[in-house]
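S.K.: Fold the stuff below for me.
(chains A and B)
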There are 2 protein chains.
Amino acid sequence: MTSFGFRVTARDGRARAGLIETPRGTVRTPAFMPVGTAATVKAMRPESVRETGADILLGNTYHLMLRPGAERIARLGGLHGFMNWDGPILTDSGGFQVMSLAGLRRLDEQGVRFRSHIDGSAQLLTPERSMEIQRLLGSDIVMAFDECTPYPAEAAVAASSMRLSMRWAERSRAAFGDRPGHALFGIQQGSTYPDLRAESAEKLTAIGFDGYAVGGLAVGEGQEAMFGVLDYAPGMLPEDRPRYLMGVGKPDDIVGAVVRGIDMMDCVLPTRSGRTGQAFTRHGALNLRNARHAEDPRPLDAACGCPACRGHSRAYLHHLVRSGEILGAMLLTWHNLHYYQDLMAGLRAAIAAGGLAAFVAAFEAARAEGDIAPQ
Amino acid sequence: MTSFGFRVTARDGRARAGLIETPRGTVRTPAFMPVGTAATVKAMRPESVRETGADILLGNTYHLMLRPGAERIARLGGLHGFMNWDGPILTDSGGFQVMSLAGLRRLDEQGVRFRSHIDGSAQLLTPERSMEIQRLLGSDIVMAFDECTPYPAEAAVAASSMRLSMRWAERSRAAFGDRPGHALFGIQQGSTYPDLRAESAEKLTAIGFDGYAVGGLAVGEGQEAMFGVLDYAPGMLPEDRPRYLMGVGKPDDIVGAVVRGIDMMDCVLPTRSGRTGQAFTRHGALNLRNARHAEDPRPLDAACGCPACRGHSRAYLHHLVRSGEILGAMLLTWHNLHYYQDLMAGLRAAIAAGGLAAFVAAFEAARAEGDIAPQ
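M.R.: Alright, predicted model coming up:
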């Protein structure tokens, strides 16, 4: 069994291209991980997700622990077999989603008590239980259990939240144990305070992880504030380990994060948008519900090779979205994931060629040009 | 351009196997036509429908005339290009669905006035308008506009309804005109009255159609009554033309209809059931919502080659259905259509080999055996 590893193969400014090796396959970085919340990337067969160019998926501990349950998935042979995805899977710790249950959860040093949104049952999530669940799922990359500090946070609140997460990081590390071929990632917190980010990075590095996430971003702070943190936070983390920005984001967020040294990202945006009639293209986002598409014979993007663009007009997609047809969600989700993976491939190639600045300029120019109808 | 044609290639008892030739491709009969109501076979890409073995789709005039509109589809190049299906398409006349709008429609000699269920607009459907819509859609096999006689019907009501349909059949024929490569099918009515069925068949044959449907069945009369009519009605129709049984049915309905000389069928059952968690298998129907499937590692049917059975367990499908995941609808729809097409292929091969009785016996034995868990 190959053990977990990461190597940087090219650099361009702060950006890096590289390869994460796992026993289940290689992840080309910078990587975008489609989100498979409930053991499915919504509206996509796993074979189709692979066809878009995805090397790795994200699974949600919170959703899976409640339904169908981690023990059940383990009895059925693990998440990979359950959902028929043989590539690497990263699972979150469940922390972020549990914290979002405002009013329905109670946090203390031990962990978080909450009620299931499915059957109302009492639940407890701790660093130890999160590690156990992620082991039962068979996750290849396990995330430490942390508190995602809300934004904005006073410095004292951010510090206390970050230090709790660091104590939980230590407990996560101890509970994870030694699992060859499986990786454990720590999560940096500290909100928008450089000294707290530095303290967090130092503590995590002392504990020692296989990779490091920049946590507490994409929680409403806006792109400027996020890029502000990404201007310094990734550089505080070990150079030889992957850096993961959780829950990001829009295409321009992704480009900005990669420029600032991020190697991995995940977001529900391409899949969720696909179910609400929104398509991402090189020229910006299109809302297919809009009546202006009703008789437009063009594909979403003539240069895109996805099944929606190869086989269907905007007029047809408009009709499907307006009619609430499942095929509309299927085709737009596929297109969006394809677009995201094309973007990642472009970023990787640009970094390898030392041409990231030109790539970013072209990316911005295409968006500025907008979606122009032919004359 | 090839013109429309039909030839019987094998017979076994009253059952026939044959080929319908159209400029857009050949339809192997007995054929099951998946229903693509709103220009999509729900939850399926057209390429996937083709992969199940379907040669021809059915489109619904009623739905398409209201949204996106027949004229719009014509401006966009027709239904085939609009939905990206290059094989033959049969469209119904809109009559059946309009008649179902109880209380919202008014029928007279001219046709049917009704209000759109989408925007409440006043609409009129006549034999002439139905022919025009089906021409605008680019349908390969056009159905005459008729009244589907409700069941049960007194003989006098059934006679009067059938005779109206025959006058409309004549108007449909006249309005259709001469369209090489396109076929017009007449529809036999007469409820459960042999003399009315004979009168209807005689009138239709005198008008002359490229194919003939047995209408007014699958409307709540039950399998026994339906088979009762199918024991004599198909034999009243021209031997050298395809015979189409509309809106049928469950797998055993299909087998019984083929045995009785039916060449073509359509039904929403495999697609609709796929969206409500029901799977059809050789051993009967399975309700995937049922808790007994929660930890069952078996596929729906180990002998099935569809993506659901090749890649996924019943436990996983149960999870998807319980979670309301789109992928559950996608996989179960695909499986059901695959099962239906496998059944048709089996029937065609059995007829060709003169072994239909043995095929039917094996079909019934597998269903009687039921879905037995391994020891």
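S.K.: just checking, what packs against the lowest-mean-pLDDT helix or strand in chain A?
M.R.: Scoring the helices and strands of chain A by mean pLDDT, DSSP states H and E places helix A:95-99 at the bottom, with a mean of 89. Here helix A:95-99 touches helix A:61-66, strand A:105-107, strand A:112-115, going by 3 or more C-beta pairs under 8 Å, 6 or more residues apart in numbering or on different chains; DSSP states H and E. Quick note: C-beta positions are derived from backbone N, CA and C, even for glycine.
S.K.: Can you check which of these gets nearest to residue A:305?
M.R.: helix A:61-66 (31.5 Å; C-beta to C-beta).
S.K.: how much space between the residue nearest the centre of chain A and chain B?
M.R.: Most central in chain A under C-alpha atoms, centre = their mean is residue A:266, positioned 1.2 Å from the mean C-alpha point. In this view, residue A:266 and chain B are 19 Å apart by C-beta to the nearest C-beta, to the nearest Å.
S.K.: all helices of the stretch 251-375 of chain A, in order?
M.R.: A:251-259, A:269-275, A:307-311, A:314-322, A:326-352, A:356-369 (DSSP state H, counting those that start in this stretch).
S.K.: winner for burial among those helices?
M.R.: helix A:314-322 (a mean of 25; mean count of other C-beta atoms under 10 Å in any protein chain shown).
S.K.: Next, the angle from that one to helix A:326-352.
M.R.: 120 degrees (axes from the mean of the first three to the mean of the last three C-alpha atoms, to 10 degrees).
S.K.: Residues in contact with helix A:314-322: which ones?
M.R.: A:277, A:279, A:286, A:288-291, A:293-300, A:308, A:325, A:327-328, A:331-332, B:38-40, B:67-68, B:72, B:76, B:82-84 (C-beta atoms under 8 Å, 6 or more residues apart in numbering or on different chains).
S.K.: Type out the PyMOL command that picks the buried ones from those.
M.R.: Buried subset of these, written as a PyMOL selection, criterion 16 or more other C-beta atoms under 10 Å in any protein chain shown:
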select buried, (chain A and resi 277+279+286+288+293+294+296+299+300+308+325+327+328+331+332) or (chain B and resi 38+39+40+67+68+72+76+82+83+84)
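S.K.: where do the helices sit along the stretch 101-250 of chain A?
M.R.: Using DSSP H, counting those that start in this stretch, helices in the stretch 101-250 of chain A cover A:127-137, A:155-176, A:194-207, A:222-230.
S.K.: Let me know the angle separating the longest one from helix A:127-137.
M.R.: In this case it means helix A:155-176. Using the same axes, to 10 degrees: helix A:155-176 against helix A:127-137 is 50 degrees.
S.K.: Could I get the contacting residues of the nearest residue to residue A:302 once chain neighbours are set aside?
M.R.: Once flanking residues are discounted, residue A:302 sits nearest to residue A:309: 7.3 Å by C-beta to C-beta, 6 or more residues apart in numbering or on different chains. Counting by C-beta under 8 Å, 6+ apart, residue A:309 makes contact with A:299, A:300, A:301, A:302, A:335.
S.K.: what's the spacing between residue A:116 and chain B?
M.R.: Residue A:116 is 13 Å from chain B, by C-beta to the nearest C-beta.
S.K.: Can you tell me the closest non-neighbouring residue to that residue?
M.R.: residue A:66 (4.9 Å).
S.K.: Residue A:356 too?
M.R.: residue A:12 (4.2 Å).
S.K.: Pull the number of nearby residues for that neighbour.
M.R.: Residues lying near residue A:12 (other C-beta atoms under 10 Å in any protein chain shown) number 19.
S.K.: so it sits right up against residue A:359, yeah?
M.R.: No - counting by C-beta atoms under 8 Å, residue A:12 sits too far from residue A:359 to count as a contact (9.1 Å).
S.K.: tell me, what's touching these two both at once?
M.R.: With C-beta under 8 Å, 6+ apart, residue A:12 and residue A:359 have common neighbours residue A:350.
S.K.: and the residue nearest to residue A:5 when sequence neighbours are not counted, bridged to which residues?
M.R.: Nearest residue to residue A:5 in three dimensions, chain neighbours excluded: residue A:21, at 4.3 Å (C-beta to C-beta, 6+ apart). Residue A:21 has the following beta-bridge partners by DSSP bridges: residue A:5, residue A:26.
S.K.: my read: residue A:21 touches residue A:29, true?
M.R.: No - using C-beta under 8 Å, residue A:21 makes no contact with residue A:29, being 11.1 Å away.
S.K.: out of the two, which sits in the more crowded spot?
M.R.: More neighbours surround residue A:29 than the other of residue A:21 and residue A:29, with 29 against 16 (other C-beta under 10 Å).
S.K.: Surely that one is in contact with residue A:15?
M.R.: No - using C-beta under 8 Å, residue A:29 is not in contact with residue A:15, being 10.2 Å away.
S.K.: among the helices of the stretch 101-250 of chain A, which is the most enclosed?
M.R.: When these are scored by mean count of other C-beta under 10 Å, the highest mean neighbour count falls to helix A:127-137 (a mean of 23).
S.K.: gap between the residue nearest to residue A:116 and chain B?
M.R.: 10 Å.
S.K.: how close does that residue sit to residue A:223?
M.R.: For residue A:66, the distance to residue A:223 equals 32 Å [C-beta to C-beta, to the nearest Å].
S.K.: who wins for proximity to residue B:118 among the helices of the stretch 251-375 of chain A?
M.R.: helix A:314-322 (9.5 Å).
S.K.: mind checking pLDDT for the residue of the stretch 101-250 of chain A found nearest chain B?
M.R.: Ranked by C-beta to the nearest C-beta, the top residue of the stretch 101-250 of chain A for proximity to chain B is residue A:118, at 9.1 Å. pLDDT recorded at residue A:118 is 89.
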